[in-house]
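Coordinates for the following, if possible.
(2 chains)
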There are 2 protein chains.
Amino acid sequence: MRDFSADHRWLSINTATVRRQRGQDWPLPQILDACAARGIRAVSPWRDQIATAGLAATARQVRALGLELSGYCRGGMFTCADDAGRAAVCDDNRRALDEACELNAACLVLVVGGLPGALAGAPAHKDIAAARAQVAEGIAWLLDEARQRGMPLAIEPLHPMYAADRACINTLEQALDLCDALDPQRTGAARAGRAALGVAVDLYHVWWDPKLAAMIERAGRTRLHALHVCDWLVHTRDLLNDRGMMGDGIIDIRRIRALVEAQGYAGYSEVEIFSTLDWWQRDGSEVLDTCIERHRGCV
Amino acid sequence: MRDFSADHRWLSINTATVRRQRGQDWPLPQILDACAARGIRAVSPWRDQIATAGLAATARQVRALGLELSGYCRGGMFTCADDAGRAAVCDDNRRALDEACELNAACLVLVVGGLPGALAGAPAHKDIAAARAQVAEGIAWLLDEARQRGMPLAIEPLHPMYAADRACINTLEQALDLCDALDPQRTGAARAGRAALGVAVDLYHVWWDPKLAAMIERAGRTRLHALHVCDWLVHTRDLLNDRGMMGDGIIDIRRIRALVEAQGYAGYSEVEIFSTLDWWQRDGSEVLDTCIERHRGCV
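Residues are numbered from 1 along each chain as shown, chains lettered A, B, ... in the order given. The predicted structure is shown next:
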């Protein structure tokens, strides 16, 4: 297991973590500069931030700063209620892939979607099995597109509390079943050693899973595309916007990182914290400095 | 599958649902009277309500009203940080069993506990595997006590969002693994056809599970001790106190009840709603009437 205590070379910042500071949007170009200024070597930006900052300009800035993308957030949201919705899903995911390629991201992270319409508060139906079938179809389609581009896809199982509105893939086992069904040979993407289809292991979503160790082992090096870290607060005040900084909650982060690294994972640990209640209220510089400190001390 | 549309003979009220009305405690004796007055035939009271109302007096009232107990809430909370804690856990669970017997409950429901101290906001450690081992030990011990009394135990898997502070058994599969380890022969309790150790299936906790159908089938009639219903709201505003009334959310209740009944389950469907944000603010009579209406229309 790598020693993270002496430096933060394996720290990546998911830019959601600092997308707001003192309650205001912090523009992506400034976030990237602030990361690079601190010796942070990797980021994982969100598509809406890229859309605001401009894809070409961001790609140039990323290259100029020598930053890597540990992932790109995000493709997915495959569930829809009609054919028009399906066409929009395809179009959107194709663009997400192209952007990930332009930015040279390590993988495109997939948040697969819940019941169609639920995120907007108007679920079209209650049939989660149908939503899951739609997701499987969507990933099968996208996988072909991704293979053509050499871009690995990382299915991110989301915590079961998001099953209705954000993602109906809720355990690593479920994600890996899908990986094995759609990519049984673990065919390589362009990135060395990575299967075309794998998973993003976000500790916030999977820490509770009694099968976590077994499923990390099952995933193995070829399907472990990303490791996201933050913490689970006791008590969590909001389902979406109360993620904790590493060390402030009850996730045994080091134990889980050890499991992942035992499979040969040697990539970044990406800090992803949504926190309207706390961190998004603070100064972005303070948040980044805290991420560095906690990455050394708690990850 | 039974037809619930014509009457509410299979409706049970978990008294948590109406423990408060208009934001004030509603005393248990009044709740029981209000249920009986509406032809509700079963309830599932909580221990603190019994403690306030008195065990003997409640037992007499329950008998006089002809009410059944579809379950008794609750034993468990097995995790603790030291020997003194362990002794208190044993003592408390022995009393829970005795109370369940005195009230002639169908089963004692077990909410097994999370990380020790976490419910009070001060977790003693982050080792959920250790907490789970402690839970297994605790249930093994309690099972002997329960067998002596002929009282079935029902492990209630809680939603993963409660893994840290309330229960580290979070899927039916995990609960059934424990049942099979501790009660491999599905030895009968006094109640006909029930294994000494089984599960309480609360839709709020398990609706999202991709293995739900398979695990209900695995449980079978002998381990399906209780069925709890409510709904998952989109969007849920609070992790603990925002459960929805049946029909107001996205759980496909009928489909899941059909799965349970396909195994031969023919007991009550017990409405259990914690809702400081909505139902606990209303008049208890209105809540009970709504439970009856929704039980007929949505369960």
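
near chain B, which residues of chain A?
With Cβ under 8 Å from any Cβ of the partner chain as the criterion, chain A comes near chain B at residues A:115, A:118, A:121, A:123, A:126-128, A:132, A:159-161, A:163-165, A:168, A:170-171, A:173-174, A:207-210, A:232, A:234-236, A:239, A:249-252. Using the backbone N, CA and C atoms, a C-beta is placed for each residue, glycine as well.

Look up the pLDDT of residue A:91 for me, please.
According to the prediction, residue A:91 has pLDDT 98.

Tell me how many other residues crowd it.
Neighbour count for residue A:91, taken as other Cβ atoms under 10 Å in any protein chain shown: 10.

could you list every residue that touches the residue lying closest to residue A:149 once chain neighbours are set aside?
Closest residue to residue A:149 apart from its sequence neighbours, by Cβ to Cβ, 6 or more residues apart in numbering or on different chains: residue A:101 at 5.2 Å. Contacts here follow Cβ atoms under 8 Å, 6 or more residues apart in numbering or on different chains; on that basis residue A:101 touches A:149-151.

Mind listing what's buried along the host helix or strand of residue A:178?
Using DSSP states H and E, residue A:178 falls within helix A:172-182. Buried residues in helix A:172-182, counted by 16 or more other Cβ atoms under 10 Å in any protein chain shown: A:172-176, A:178-179, A:182.

show me where chain A has strands.
Under the criterion DSSP state E, chain A contains strands at A:11-14, A:20-21, A:24-25, A:42-44, A:68-69, A:72-76, A:108-111, A:153-155, A:197-202, A:224-229, A:269-271.

And the ones you listed: which comes nearest residue B:105?
strand A:197-202 (40.6 Å; Cβ to Cβ).

Now do the closest one: which elements does it pack against?
Applying 3 or more Cβ pairs under 8 Å, 6 or more residues apart in numbering or on different chains; DSSP states H and E, one finds that strand A:197-202 makes contact with helix A:128-149, strand A:153-155, helix A:172-182, helix A:212-223, strand A:224-229.

If we use 7 Å, what do you get?
Judged by 3 or more Cβ pairs under 7 Å, 6 or more residues apart in numbering or on different chains; DSSP states H and E, strand A:197-202 is in contact with strand A:153-155, helix A:172-182, helix A:212-223, strand A:224-229.

Quick one: distance of the second one to the chain centre.
To tie it back to what came earlier, the one meant is helix A:172-182. Relative to its chain's centre, helix A:172-182 lies at 17 Å (Cα atoms, centre = their mean, to the nearest Å).

Next, the angle from it to helix A:212-223.
Between helix A:172-182 and helix A:212-223, the angle comes out at 40 degrees (axes from the mean of the first three to the mean of the last three Cα atoms, to 10 degrees).

what do you get for the last one?
Strand A:224-229 and helix A:212-223 are oriented at 130 degrees to each other (the same axes, to 10 degrees).

From residue A:231, how far out is residue A:246?
5 Å (Cβ to Cβ, to the nearest Å).

Any regions of the stretch 101-250 of chain A where pLDDT drops low?
Flagging of the stretch 101-250 of chain A using pLDDT under 70 yields the residue ranges A:189-192.

who touches residue A:94 in this structure?
When contacts are counted by Cβ atoms under 7 Å, 6 or more residues apart in numbering or on different chains, residue A:94 touches residue A:145.

ignore the last one, residue A:29
A:53, A:61.

10 Å instead?
A:49, A:52-54, A:57-58, A:61, A:65 (Cβ atoms under 10 Å, 6 or more residues apart in numbering or on different chains).

among these, who's most crowded?
That'd be residue A:58 among those, by other Cβ under 10 Å, with 23 neighbours.
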